[in-house]
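1. no letters, just coordinates:
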C-alpha cells in the first residue's frame, strides 16, 4: 500500500470518475467477435479474472467445464438460470476466456488450477472449438447479412466447420439452413463426433436464447417451433459426445423461459448451479471488481473502533452490531459495511429497474468516487455514503 493512511485503493477509472453506463456490463458476443471497443476488463483474459470473484456458483461451472474437457466426466449441458444482471453472461465469459486463453489465465492465482487442467488437456492434443451466440445481439437479418447464416443451426455448424475443417458440420449447416425446418439429433451427433475425431472439443455458449426465439416469432411462428426443435436435437446430440458441452444462459422472466428450460432439462443429464452470485458473495465481488488494494491490518484497526462504539453504546445501534460475530463480519467485508451491502442487495437489487449485480457494482463505484472526492482516508463505506445529492449517484 503506497499510502498507509488509506485503507483501500480503488482502480484507476474509479479514482478518476470514469464510470459510465457501460461499466460492469459483460458482453460475450462483443468479446467473441473481437470488438476492440469492449472494455479491457472484459476483453483481456488476465484482467478479466483478476477482477472476478470465484463464487460457489462460478466455481461449479468452471469445475464442470474442466472435468468435461479433460476427462469427459462433467455434465454435457449446463443451464445458467438467473435474474437480469445475475452473473450468467459473466460466467459464460469466464468459460470462454478459460478455454481460449489458458496460458494467460494461469497467471491468475485464483483460477490457476482450472487453467492448468485445460493446458493439460491441450497437451494431450485436445483443442477447444468454441462457438458463442447472443440472441439479444443478433437477429435473423443480421445473422444472414453479416454471418451468412439463415438459422441458428446453420450459424453454429458453419462456425464449427470453420474452426475444425469438418465437412460433416458443413453439410449439416447447408442441409438445415432453412429457419422453418429442424434436424433430428442423429445428423447433429454425427457432425459433433466428426469434430471430436479431429481432436477438437465442441463447446457451445448460448446467451439470451429466449430473446432469439422472441425475434423469430416476430417473423414467423414456424421459425420458433423449428428453433425449439433444433435445440432439443442439439441437447440430445451434445449429450452423446465424449467431451462436448452446451452452456445456455436463460434470464428469469424471459419470453418462453419455461419452455426453453424444459427443452434443456428434458434429458435429465444437465448441471444447474443454484446461482452464480448471491448476497453472501457481495462483499468479495465488490472488492475484487472495484479495489486494487485493501490493507486488512488497517481495516481491522478501523473495525475495532466501530465495534468498540457499538459495544459501549448498544442502545444507539442495532442489537446485532455489538456481538462478536458482527465484528468478524465487518472485518471480512471491509471496507464495505455489512449494512451497506444489505441495502444494495435487499432494497435496491430487487427493484424492477435495477439490474442486480451490474448495477450494484456501478452504484458502489460511484459511491467510492464520491468518497474519494471528499477525501476519504481508509474509511468504512457506509449507507450514509450513498449521497443522493450527488447527481451521478441519484
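-> Perfect, I can see it now. Because the structure is predicted, anything quoted here is derived from the model rather than measured. Residues are numbered from 1 along each chain as shown.
2. so for the chain, the centremost residue is which one?
-> Geometric centre of the chain, nearest residue: residue 90, 1.5 Å, by Cα atoms, centre = their mean.
3. the residue lying closest to it once chain neighbours are set aside: what's it in contact with?
-> Counting by Cβ to Cβ, 6 or more residues apart in numbering, the nearest residue to residue 90 once its immediate chain neighbours are dropped is residue 26, at 4.7 Å. From N, CA and C alone the C-beta is placed, and that goes for glycine too. Neighbouring residues of residue 26 by Cβ atoms under 8 Å, 6 or more residues apart in numbering: 42, 89-90, 93, 358.
4. picking that back up, ok, the residue nearest to the centre of the chain - contacts?
-> Counted by Cβ under 8 Å, 6+ apart, residue 90 has contacts 26, 52, 58, 276, 357.
5. quick check: buried residues in stretch 370-385?
-> For stretch 370-385, the neighbour count (16 or more other Cβ atoms under 10 Å) marks 370-372, 376, 378-382, 385 as buried.
6. which one among these gets closest to residue 131?
-> residue 381 (41.2 Å; Cβ to Cβ).
7. please name the bridge partners of the closest one.
-> Counting by DSSP bridges, residue 381 forms beta bridges with residue 336.
8. my read: it touches residue 338, true?
-> No: contact criterion Cβ atoms under 8 Å: residue 381 and residue 338 do not qualify, at 10.6 Å.
9. low-confidence bits of this protein, can you list those?
-> For the chain, applying pLDDT under 70 flags the ranges 1-6, 82-86, 252-275.
10. give me that answer again for 80
-> Low-confidence segments of the chain, defined by pLDDT under 80: 1-6, 20-25, 81-86, 251-279, 319, 321-322, 324, 349-350, 352-357, 376-378.
11. in it, which spans are strands?
-> Along the chain, counting by DSSP state E, strands occupy 8-10, 77-82, 127-134, 200-207, 245-251, 291-294.
12. between those, which one is nearest to residue 349?
-> That would be strand 77-82 among the strands of the chain, by Cβ to Cβ, at 12.2 Å.
13. now do the buried residues in that closest one.
-> Buried residues in strand 77-82, counted by 16+ other Cβ under 10 Å: 77-82.
14. also stretch 386-394?
-> 386-387.
15. do the same with stretch 118-136
-> So for stretch 118-136, counting by 16+ other Cβ under 10 Å, buried means 118, 121-122, 126, 128-136.
16. mind listing what residue 294 touches?
-> 7-9, 287, 334-335 are the contacts of residue 294 under Cβ under 8 Å, 6+ apart.
17. actually, residue 94.
-> 48-49, 52, 58, 61-62.
18. ok, residue 322 to residue 314 distance?
-> 5 Å (Cβ to Cβ, to the nearest Å).
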